[in-house]
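Trainee: no sequence on hand, only this structure:
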């Protein structure tokens, strides 16, 4: 199979670099195009990221001398790319317009940005949870007046440490009514330079702008249905989130208390539901899909960010400490890798799903 | 006024060192006696703490050459001390017996240990909350067969970041029914060497042995009443705690969601209740009492451990981020200094209260 | 004695805030005037620092409602201030011109900036080392065409952890020929937000722009003489510096190897020289002068930044681990508090020395 | 080729776990035997490491149920192993006797311990530097009275961040006379629990017991010759080391100043020497040999521990910041991964070299 030709828009930023890193040697996709701000355009990629390459792996050799294009040059992208990953770090309205421009020109956009998360015909995808939301793409394409381009987005990284375990329970027939969540989030979530070391050494910051709202609202769309070509939010769950920033490089952790709507399963049943949970990405054996999307750890003090964030290519959600709650039904701890599962890795998995579903095809 | 003569039992450990540090130049109390394990006994205090003095202030000069006694030598303590602070770090049963031995011999014991926290006639004191629990001392003394000795203890450090604010609300006529708390606790809470740096660099540990149970049960005794010479637990509140260890030196922080039992105050009223809250220690103008026991910070991202833990001699509880909760009524963040307010400082304040109430007197 | 009226120019930045904090309740100086960039001008000081007050102590109440002036408004400063501390964070050339403007208008400037460090008639002062450099002020005033204004500066914070101990040896008759220094410097040295937490968690950065050059060249001026109204660099010492950034809040540490020019003292003699060292600030009993400017610690693993940086009001240099060097004569470790001794505290001590020497007087 | 059967003695400790991790899927070696203290003996390996498995990768499935043997049971090891890796964490004298017992019984020992580093006929090996030291093995085997068993050791982890680059220069004809080194070492070097978090949060500890002596003396043996069946130390270089512990998980960094004995190369020539340096492990294409053992980074602020420690399977030494030194000839920064290159990985590379040289053969 010839690989699909991929562009990374916003390739010089932190999420963009993660796309570059994770797409190296990908079996289905090949990065042939990188774009960034006008400031970087015209430079080689190596020059453009000089002094700000943040990955532990070195820049892939074959991309060192590729010329960075201007992100706003949609025509150039169209010439080279079957689809693009969008990881631009500009303001929300500008992202929206840019992603619309790509889609209108027939280029599928797999986005890491929040701009289109609440656009009524744009799927916000966690591949293990709401793959059926892809059904909305044709009506979106109608809006864009072509049958190739579209936009899909992924949700905020903070909620990925508990949404898949929570969905697994709902899917198993145990809907959840109330959920109080406290997150301890990694500094990589804020990009680079992001959080000052004066705020993180010997400290915790109990506030991340906009993060609590996202953690509370986005799950409702993800769990929702499509009605008349638009998404309709799930009404069955109330979420309250406390979001904290801690001095961890990668890995968002969440302490969760939850109350079931109706009957509640036993502890052992929950562990089984989690350990046995698989979904479409596993069935389709997508390249970046974790073998086991939810891993329950029996150790009393796990999961922990540094020790567990990289399990199964950093794509699994690890959970632990499931126990009764004095106020609700149960408590547990969840962890997911925010810049892999919660960002570039999640985006690539979304693209793999789109490809498997026939939404991404050779165009150039 | 001549100062009361004080012994610190367990003076070489971390909490003991904090007692030594905080009692330096105290207006009412003077350390004249230090005791520790048999291993340290017979050495000068300076020798005994060589290589393991953990305070930022240096060892008070006047105590450098005092000879460390064996903590089990109650007779020696009786000769020199009007009362003692107990900060021994031995197993629970041994602490219990040791503290009983001191009390039986007529020596008041102000303890930092957990051993007697659930003894039915021992007050577990937060000076601003349950000073009336001191009324039980006479019946305790009857058990010890003398009218001088007794034991009072302080609760676990983790709950001090929210118990005073919560009590202020209850006292103002707003009882609380449910509370879900997630703590992020400092490494000093585990003593020295305590938590390995391999567990704290780039990491969070979502478990502290025994801490969640203490956080849930101890408040019920503190809020309880005395009936027939014994404490009876408060029944009005359910608490569920998630306790985490983070790479912070001092300062336990808590994210709290709470639901009132009956009516609920407005946000502005809660802030007023907190900022205006004072209690007996303030009325009596006790030396180590914070002027304002609960300080509400209006900044969106405060309190933070490193920046706020030292407010008002590190004896105040700082709170912030009061806002509505999607599931319960309100959410907020609380912070208190675990080794000062939550340990030695809290113990000294308890002793000051006991002195003001006439329970501590010149004996030697 | 009526206090001198002081302005802090650049009061909203990190160093400026430290001036505000350390000058609170100062016996000789009273802050009556604060200035900052045009952006802050016109606001109350409280408003101007809202969300970026970085000190552990709260903003002094009496300064909350003072109106921030524009730093370029020299005339306003002249109306209110007997002298100013300069802590503006703008580019070097702009600092130079601004400080010249204040001095030309008859306002003494005690500066924390590097702009004038190598101006030939501006003293770069460590109060314990080169107080005699103040003799150059009259010839500087001639240049400014008035007999009141002048500029004095302090050296870079990184060299303060070893310069005073090294000077003490030179002064005792043991000149040093070669010195190789490796610093591990705190993040507060880079201001706020300064160093990204992504560079400091689980990491060390072996480079700080311009810092090595400063560490090597500035000592030569400090140790130099005045000749024909200009400073002449000391030629007797070669310094090579490796400067690293580590995840420490405050406190620059240095590992030093040194070789004496001629004869070398014994280890015990060096310790005595250090512990006994005092200079003009101690003789004059200046308010912020440390009682003992160099403190030798006998413990095998000290000094350490968090444990020792605050000794003697954070104004002492602590040294330790003096031992033979396989290549040069001796090795040792030095530590000083970079934002107190190395910045605002050092500046205030300089002002105290200037006041004691008659260079600062009532003007308004 | 059938794999050699390998035992890991001390398999439950931190270095032992790294051996287990790195030997998983090794092309030449297969772990068939694990031993530890009497306390662990008889348990399955999974049980023995429960709650103290420190690796990010999970325990290899095929080793979960292997029964841990007692490390002192040499006969059992002899029955199962062609050779063993020694990573026991017991006192030095006991290690010596234990490793001698294995060798006397005909079992080759590739050791991570320091016990035999200065035994006169035991090679202390860095595979890229002194592979010719293996020539001494026959005379060592004479001492052990058999022609199969022997002991080889690896040097201390701290010196590996500069020894290979330094050796590359010597080998290129530029001997070095003086070297002053300051290390900033990772906490994993102290094992688990090792360094207290109270010593690492917001702190640096300028002392590591015994580390400076090792850093100064061990290179002399490594660079030395064999004379009359014994090693003779190299006399051409003086090293002075300052060793510091910093809050980094993995990766020892060193700031080095050096002076050549005779002529000195230009900066560009040194970079070429480093980037072009290869040795026997590269020639033999050993499985764990880094392709490029010394990697020069041109970025002004590299290498950095977290970002660069994992280059080339964490087996390369990265260097950077080569520049002139005011006191000696040049300065640079070196970095190597202490628990991989500096411990288990270095040991495995030594074993690969021994195998390639015919010293390790099928015995069982």
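Mentor: Structure's in. What do you need? What you are looking at is a predicted structure, and each value in this text was computed from that prediction instead of being measured.

Trainee: phi, psi of the residue lying farthest from the centre of chain A?
Mentor: Taking CA atoms, centre = their mean, the residue of chain A most remote from its mean C-alpha position is residue A:326, at 32.7 Å. Backbone torsions for residue A:326, taken as degrees, to the nearest 10, come to phi -70, psi -20.

Trainee: any idea how far it is from chain C?
Mentor: Using CB to the nearest CB, to the nearest Å, residue A:326 is found at 34 Å from chain C. Yep, even glycine has a C-beta here, placed from its N, CA and C like the rest.

Trainee: and residue A:101, by the same measure?
Mentor: As judged by CB to the nearest CB, residue A:101 and chain C stand 32 Å apart.

Trainee: what helix or strand is that residue located in?
Mentor: Assigned by DSSP states H and E, residue A:101 falls within helix A:92-104.

Trainee: so which bits of that helix are buried?
Mentor: Neighbour counts over helix A:92-104 (16 or more other CB atoms under 10 Å in any protein chain shown) mark A:95, A:96, A:98, A:99, A:100, A:101, A:102, A:103 as buried.

Trainee: next structured bit after that helix?
Mentor: Trace forward from helix A:92-104 with DSSP H and E and the next one is strand A:108-111.

Trainee: quick check: closest non-adjacent residue to the residue of the stretch 151-300 of chain A found nearest chain D.
Mentor: Ranking the residues of the stretch 151-300 of chain A by distance to chain D (CB to the nearest CB) places residue A:202 first, at 4.3 Å. In this structure, residue A:202 finds its nearest non-sequential neighbour in residue D:202, 4.3 Å apart by CB to CB, 6 or more residues apart in numbering or on different chains.

Trainee: can you count the residues close to the closest residue to chain C within the stretch 251-364 of chain A?
Mentor: Across the stretch 251-364 of chain A, no residue is closer to chain C than residue A:306, which sits at 8.2 Å (CB to the nearest CB). Neighbourhood size, residue A:306 [other CB atoms under 10 Å in any protein chain shown]: 21.

Trainee: the residue nearest to residue A:211 when sequence neighbours are not counted: what's it in contact with?
Mentor: Leaving aside its sequence neighbours, residue A:211 sits nearest to residue A:243 (CB to CB, 6+ apart; 4.1 Å). By CB atoms under 8 Å, 6 or more residues apart in numbering or on different chains, the residues touching residue A:243 are A:158, A:182, A:183, A:185, A:207, A:208, A:211, A:212, A:215.

Trainee: and residue A:243, how far from residue A:204?
Mentor: As judged by CB to CB, to the nearest Å, residue A:243 and residue A:204 stand 11 Å apart.

Trainee: quick one, what contacts the nearest residue to residue A:44 once chain neighbours are set aside?
Mentor: Closest residue in space to residue A:44, ignoring its immediate chain neighbours: residue A:65 at 4.9 Å, by CB to CB, 6+ apart. Counting by CB under 8 Å, 6+ apart, residue A:65 touches A:44, A:45, A:46.

Trainee: domain-wise, how is chain A divided?
Mentor: With domains defined by automatic domain parsing, chain A comprises A:4-156+A:344-356, A:157-337.

Trainee: nearest to residue C:81, of these?
Mentor: Nearest to residue C:81, of all the domains of chain A, is domain A:157-337, at 29.7 Å by CB to CB.

Trainee: centre of the chain versus the closest one, how much separation?
Mentor: With CA atoms, centre = their mean, to the nearest Å as the basis, domain A:157-337 stands 12 Å off its chain's centre.

Trainee: mind listing what's buried in stretch A:42-61?
Mentor: Buried residues in stretch A:42-61 (16+ other CB under 10 Å): A:44, A:45, A:48, A:49, A:53, A:54, A:55, A:59, A:60.

Trainee: now the helices for chain A?
Mentor: A:14-23, A:45-48, A:74-80, A:92-104, A:137-144, A:163-171, A:211-222, A:267-276, A:280-283, A:305-308, A:311-314, A:345-356 (DSSP state H).

Trainee: show me what the second one is packed up against.
Mentor: With contacts taken as 3 or more CB pairs under 8 Å, 6 or more residues apart in numbering or on different chains; DSSP states H and E, helix A:45-48 sits against no other helix or strand.

Trainee: neighbours of residue A:224, just the number please.
Mentor: 17.

Trainee: pretty sure it contacts residue A:230?
Mentor: No. Contact criterion CB atoms under 8 Å: residue A:224 and residue A:230 do not qualify, at 9.8 Å.

Trainee: picking that back up, dump the residue contacts of the residue of the stretch 151-300 of chain A closest to chain D.
Mentor: By CB under 8 Å, 6+ apart, residue A:202 lies in contact with B:247, B:248, B:249, B:305, B:306, C:249, D:201, D:202.

Trainee: next up, the contacts around the second one.
Mentor: Neighbour list for residue B:248: A:202, A:203, A:204, B:184, B:185, B:186, B:187, B:305, B:306, D:201 [criterion: CB under 8 Å, 6+ apart].

Trainee: tell me where the stretch 201-350 of chain A is predicted with low confidence.
Mentor: Low-confidence segments of the stretch 201-350 of chain A (pLDDT under 70): none present.

Trainee: ok, residue A:339 to chain D distance?
Mentor: Taking CB to the nearest CB, one finds residue A:339 at 14 Å from chain D.

Trainee: spell out which parts of the stretch 151-300 of chain A neighbour chain B.
Mentor: Residues of the stretch 151-300 of chain A found near chain B (CB under 8 Å from any CB of the partner chain) are A:178-180, A:182, A:184, A:199, A:201-207, A:216, A:238-240, A:242, A:244, A:246-249, A:253, A:255, A:257, A:300.

Trainee: do that again at 6 Å, thanks
Mentor: A:178, A:180, A:182, A:184, A:202-207, A:216, A:238, A:240, A:242, A:246-249, A:253, A:255, A:257, A:300 (CB under 6 Å from any CB of the partner chain).

Trainee: beta-bridge partners for the residue nearest to residue A:211, please?
Mentor: residue A:183 (DSSP bridges).

Trainee: that one and residue A:216, how far apart?
Mentor: Going from residue A:243 to residue A:216 by CB to CB gives 10 Å.

Trainee: equivalent analysis for residue A:277, please.
Mentor: For residue A:277, the distance to residue A:216 - CB to CB - is 23 Å.

Trainee: quick one, what contacts the nearest residue to residue A:320 once chain neighbours are set aside?
Mentor: Leaving aside its chain neighbours, residue A:320 sits nearest to residue A:297 (4.2 Å; criterion: CB to CB, 6+ apart). Applying CB atoms under 6 Å, 6 or more residues apart in numbering or on different chains to residue A:297 gives the contacts A:303, A:318, A:320.

Trainee: the first one reaches residue A:320, doesn't it?
Mentor: Yes. Proximity of residue A:303 to residue A:320 meets the contact threshold set by CB atoms under 6 Å, at 5.2 Å.

Trainee: which of the buried residues of helix A:92-104 sits closest to residue A:82?
Mentor: residue A:102 (12.2 Å).

Trainee: residue numbers of the stretch 151-300 of chain A in contact with chain C?
Mentor: A:187, A:192, A:193, A:195, A:196, A:197, A:198, A:200, A:201, A:247, A:249.

Trainee: what about 10 Å?
Mentor: Contact residues (CB under 10 Å from any CB of the partner chain) of the stretch 151-300 of chain A with chain C: A:186-188, A:190-203, A:245-250.

Trainee: can you turn the buried part of these into a ChimeraX selection?
Mentor: Applied in ChimeraX, the following selects the buried portion of those according to 16+ other CB under 10 Å:
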select /A:186,187,188,190,191,192,193,194,195,196,197,198,199,200,201,202,203,245,246,247,248,249,250
